[in-house]
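1. Provide a 3D model corresponding to the input given below.
(2 chains)
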Amino acid sequence: MTDTLISILFSGTAFATVLYLVSVGLSITMGLLGIANLAHGAFAMAGGYIAFTLVNRLGVNFFVALAIAAAIVALISVILERLIYAPVYNAGELEQVLLSIGLIFVSIAVAQFAFGPLPLAVNVPSSLQGQIQLGWRSFPAYRVFLIGFGAVVFVALWFAIERTGLGARIRAAVDNRAMAEGVGINTRTLFTVVFAIGSALAAVGGALGSEVVALTPFYPLEYLVYFLIVVAVGGLGTVGGPALAALLLGFGDSACKILVPGFGAFFIYVVVFLVLLLRPNGLFGRA
Amino acid sequence: MIKVSRREALATLTAVGVSAGFSKVSYASGKVVKVGISLAMSGPVAALGESIWRGVSLYQKLHQDSLPNGLKVEVIQRDDGGNSDDIKRIAQELVVRDGVQILGGVALSPQAFALAPLVTRAKIPLVIMNASTARITRESPYIVRTSTTLWQTSFTLGEWAAANGHKKVYTLVADYAAGLDAEAAFTKGFTGKGGQIVGSVRAPVTTTDYLPYMQNIKNSGADTVFMFVNAGRINAATTAFAGAGLKQAGLGLIGPGDVAMDDDIANMGNNVVGMVTAGIYFTKNPVKANSEFLEAWKKEYGANALPNFLSAAGWDGMTAIYDLVRSTGGNFTADQAMQFLSNWKDPESPRGPIAIDPQTRDIVQTVYINRVEMIDGKPTNVNLSKVENVKDPWKQLNPPK
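-> From the prediction side, this is the model:
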């Protein structure tokens, strides 16, 4: 029984880490910029495909490839933000949704053209393959690394948002943009910086998570529901909310798969339904 | 004197050239047989459609000038996105507007069921190049299948597993029609030969993380896992299998050939090595027709490109259509075409000898039991044994009433 419980917690946390890495950027940009960027998953997919090309085709070191993928995607996202997203910041939500859905389709077509329709995964370095012994039980090594990485990102983000000057400016802009601009914060630059960071995190999530969530051209659309659930349940513009939501989703998902497999597909929707019924702004959301 | 400008002279010459070209074409092409191929070329199952289409178009490219007396086969391809409503509309347009005499393709089984009443009414032969639900060929007398049925591979694997030291099997399949088909077929074959199913789980098609399922498999005391997950999930599932320590513990991992296509597993790591599957095509098949097929494939699609069983089904479907056109000179009614296709056989297909069973209009072929090995750094299927002349077991177990 304890073994089963540990399995639930462990595999739930690993899955949650991937969801968290991809979704936290979406949560922050949606909270800060007030824009419904449904194409966020496309940045995760781009990161995954770039890392795949570097590692599997060119033989670049896994961790170097992660950094390069994050940097390239951040750069692309800044260009897109300036050219495509900026004009719709003040438009209605419908325009934003249509624009980002359009971007999803463009990214699907580009990915299919460049990499073909077959699912791909980034090769994991051999040091992270197989199992490692932790205490009395062995765990899949890569998942342990994934969880550790997610924890580091979470702490770093939390520190950056809660304890640094940049974080204070971001929080100010999320809470009250007009007031933040009034006291001299350049929200325009801030937006771009946040957008780039969010996209870079998604890229890392896409590349790291390809073992768990395979790269296919349909990635941005197929997993969109998961990303949106994490954001909606966690609440917009926070670091802790998406983490808790991702964990909830991960635990619930793996608990159902282990204990009541037939119920697995429904579980997350029931939970989302209940959470949003009780707290329409998400667990950490501000009204 | 009439002055002719250079431009006029050029125009005249071009016109002469063009009309000469046209008359030559219309003179030579005695008859054109139009074939409509509807496939999922976009959407979530585009990988299926693309694999089939590559087989079809490669055959077409290599053989379009092979017919006598200027006889031609014209292939009209349409993208149905894997959608059942769209394929009906597209088939209607192909028949009514484009005047095709034969339909082909069809990636998914629900699409085949949607098309069946239409081809019956329109009397258009339909050559199925994937859709692998066993019952499909019973849905219309105008359907013939060149691909496979999941029963053919999974049932055969079940009998093989029971005879080869696998005693307790846990089945993990995707929760959709094909997954349930594979589960039922394997269970029937395996238990029929004395094997025991110690547990089964159906994972939703949206599943991305399979690690949680492995815990129950671990607890069940199974010595082997039968796996059939939907496309795109194979890497995640095999990684979870290895990650949970099941591979290390010596459990067997088996499944229908769908989960170990050579082009697919080449992108995967060590985790797929050791998997045993029952399939109808593998790239290392030593028959001569396959080495020629592989060579043509690499020439057309690149040195690293590999065909899979879907490509072979598309290629063989086109072989059947060309054989029909060749033997009839392009003049045939739907019933004559069905008569020919139902008795068609190709002793030299890239997958070995194949034939259509005239009773069921379904394919009879060799099922290969393969094991994934690492060859030149790439996971590749290597043959262990084969079962020849396999008919669809479902039809034999469920005779028509």
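
2. Would you mind pulling the contact partners of stretch B:196-205?
-> Here stretch B:196-205 makes contact (Cβ atoms under 8 Å, 6 or more residues apart in numbering or on different chains) with A:257, A:261-262, A:264-265, B:167-176, B:179-180, B:183, B:187, B:190-191, B:210, B:213, B:216-217, B:220-222, B:229-230. Glycine gets a C-beta too; all of them are placed from N, C-alpha and C.

3. hmm, which of these are the buried ones?
-> A:257, A:261, A:264-265, B:169-175, B:179-180, B:183, B:187, B:190, B:210, B:213, B:216-217, B:220, B:222, B:229-230 (16 or more other Cβ atoms under 10 Å in any protein chain shown).

4. ok, so what distance separates residue B:121 from chain A?
-> To chain A, residue B:121 is 33 Å away according to Cβ to the nearest Cβ, to the nearest Å.

5. Going by neighbour count, list what's buried in the helix or strand where that residue lies.
-> Element membership for residue B:121, per DSSP states H and E: helix B:109-122. Buried residues in helix B:109-122, defined by neighbour count with 16+ other Cβ under 10 Å: B:109-116, B:118-119, B:122.

6. Alongside chain B, which residues does the stretch 1-150 of chain A contribute?
-> Within the stretch 1-150 of chain A, the positions near chain B by Cβ under 8 Å from any Cβ of the partner chain are A:3-4, A:7-8, A:10-12, A:14-15, A:56, A:112, A:116-121, A:123-124, A:129-131, A:138, A:140, A:142-143.

7. Mark which of those residues are buried, thanks.
-> Buried, going by 16+ other Cβ under 10 Å: A:4, A:7-8, A:10-12, A:14-15, A:56, A:112, A:116-121, A:123-124, A:129-131, A:138, A:140, A:142-143, out of those.

8. need the contact list for the closest residue in space to residue B:277 that isn't next to it in sequence.
-> Nearest residue to residue B:277, sequence neighbours excluded (Cβ to Cβ, 6 or more residues apart in numbering or on different chains): residue B:260, at 4.3 Å. The contact partners of residue B:260, taken as Cβ under 8 Å, 6+ apart, are B:234, B:272, B:275, B:277, B:279, B:370, B:372, B:381.

9. that older thread, tell me what the helix holding residue B:121 is packed against?
-> Applying 3 or more Cβ pairs under 8 Å, 6 or more residues apart in numbering or on different chains; DSSP states H and E, we find helix B:109-122 packed against helix B:84-96, strand B:126-128, strand B:143-145, helix B:177-192.

10. Helix or strand next in line after whichever strand or helix holds residue A:192, which one?
-> Taking DSSP H and E as the criterion, residue A:192 maps to helix A:187-208. Using DSSP H and E, the helix or strand that follows helix A:187-208 in sequence is helix A:219-222.

11. quick one: that next one near chain B?
-> Yes - using Cβ under 8 Å from any Cβ, helix A:219-222 reaches chain B at residue A:222.

12. List the contacts of that helix.
-> Contact with helix A:219-222 is made by A:39-42, A:44-45, A:48, A:104, A:107-108, A:111, A:206, A:213, A:216, B:44, B:206, as judged by Cβ under 8 Å, 6+ apart.

13. Can you tell me which of those is nearest residue A:26?
-> Residue A:26 lies nearest to residue A:40 out of those, by Cβ to Cβ, at 4.2 Å.

14. quick one: the closest residue to the closest one other than its chain neighbours from residue B:191, how far?
-> Excluding the flanking residues, the one nearest residue A:40 by Cβ to Cβ, 6+ apart is residue A:26, at 4.2 Å. Separation of residue A:26 from residue B:191 (Cβ to Cβ, to the nearest Å): 48 Å.

15. what's around the spatially closest residue to residue A:37 that is not a sequence neighbour, how many residues?
-> Nearest residue to residue A:37 in three dimensions, chain neighbours excluded: residue A:100, at 5.2 Å (Cβ to Cβ, 6+ apart). A count of nearby residues for residue A:100, using other Cβ atoms under 10 Å in any protein chain shown, gives 22.

16. Please name the residues that touch residue A:100.
-> A:36-40.

17. Kindly reformat these as TSV containing pLDDT.
-> TSV is the format used below for these (pLDDT from 0 to 100):
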residue	pLDDT
A:36	82
A:37	87
A:38	91
A:39	91
A:40	92
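
18. Out of those, list just those in helices.
-> residue A:40 (DSSP state H).

19. Most neighbours among the contacts of residue A:100, which one is it?
-> With neighbours defined as other Cβ under 10 Å, the most crowded of those is residue A:40; it has 28 neighbours.

20. What residues does that one make contact with?
-> Going by Cβ under 8 Å, 6+ apart, residue A:40 touches A:22-23, A:25-26, A:29, A:100, A:198-199, A:202, A:220, A:227.

21. Also residue B:286?
-> Contact analysis of residue B:286 by Cβ under 8 Å, 6+ apart lists nothing.

22. SS state for it?
-> Residue B:286 carries the three-state label coil when classified by DSSP: H, G, I helix; E, B strand; the rest coil.

23. Backbone dihedrals for it, both of them.
-> Torsion angles at residue B:286 (phi, psi; degrees, to the nearest 10) stand at phi -80, psi 0.

24. dump the residue contacts of the residue in the stretch 51-200 of chain B that chain A sits nearest to.
-> The stretch 51-200 of chain B approaches chain A most closely through residue B:175 (7.3 Å), counting by Cβ to the nearest Cβ. Contact analysis of residue B:175 by Cβ under 8 Å, 6+ apart lists A:265, B:202-205.

25. The same query, at a cut-off of 6 Å, please.
-> Residue B:175 makes contact with B:202, B:204 under the criterion Cβ atoms under 6 Å, 6 or more residues apart in numbering or on different chains.

26. Can you name the residue of the stretch 51-200 of chain A nearest to chain B?
-> residue A:140 (3.1 Å).

27. Give me the nearest residue to that residue, chain neighbours excluded.
-> Using Cβ to Cβ, 6+ apart, the nearest residue to residue A:140 is residue B:243, at 3.1 Å.

28. Just the angle for whichever helix in chain A runs longest relative to helix A:187-208, thanks.
-> Secondary structure of chain A per DSSP H: the longest helix is helix A:2-33. Comparing the axes of helix A:2-33 and helix A:187-208 via axes from the mean of the first three to the mean of the last three Cα atoms, to 10 degrees yields an angle of 150 degrees.

29. ok so, going back, want to try TSV for the contacts of residue A:100, with distance to residue A:164 as columns?
-> Below are those laid out as TSV (distance: Cβ to Cβ, whole Å):
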residue	distance to residue A:164
A:36	27
A:37	24
A:38	29
A:39	28
A:40	24
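
30. And the helices in the stretch 51-200 of chain A?
-> Listed in chain order, the helices of the stretch 51-200 of chain A (DSSP state H, counting those that start in this stretch) span A:62-80, A:93-115, A:141-163, A:165-175, A:177-182, A:187-208.

31. Return the most buried member of these.
-> helix A:187-208 (a mean of 24; mean count of other Cβ atoms under 10 Å in any protein chain shown).

32. Which other helices and strands does that helix contact?
-> helix A:2-33, helix A:40-52, helix A:62-80, helix A:165-175 (3 or more Cβ pairs under 6 Å, 6 or more residues apart in numbering or on different chains; DSSP states H and E).

33. which stretch among those helices comes nearest residue B:398?
-> Nearest to residue B:398 among those is helix A:2-33; the distance by Cβ to Cβ comes to 39.2 Å.

34. Apart from its chain neighbours, what residue comes closest to the residue nearest the centre of chain A?
-> For chain A, residue A:22 is the residue whose C-alpha lies nearest the centre (Cα atoms, centre = their mean; 1.1 Å). Spatially, and ignoring its direct neighbours in sequence, residue A:22 is nearest to residue A:205 (3.7 Å; Cβ to Cβ, 6+ apart).
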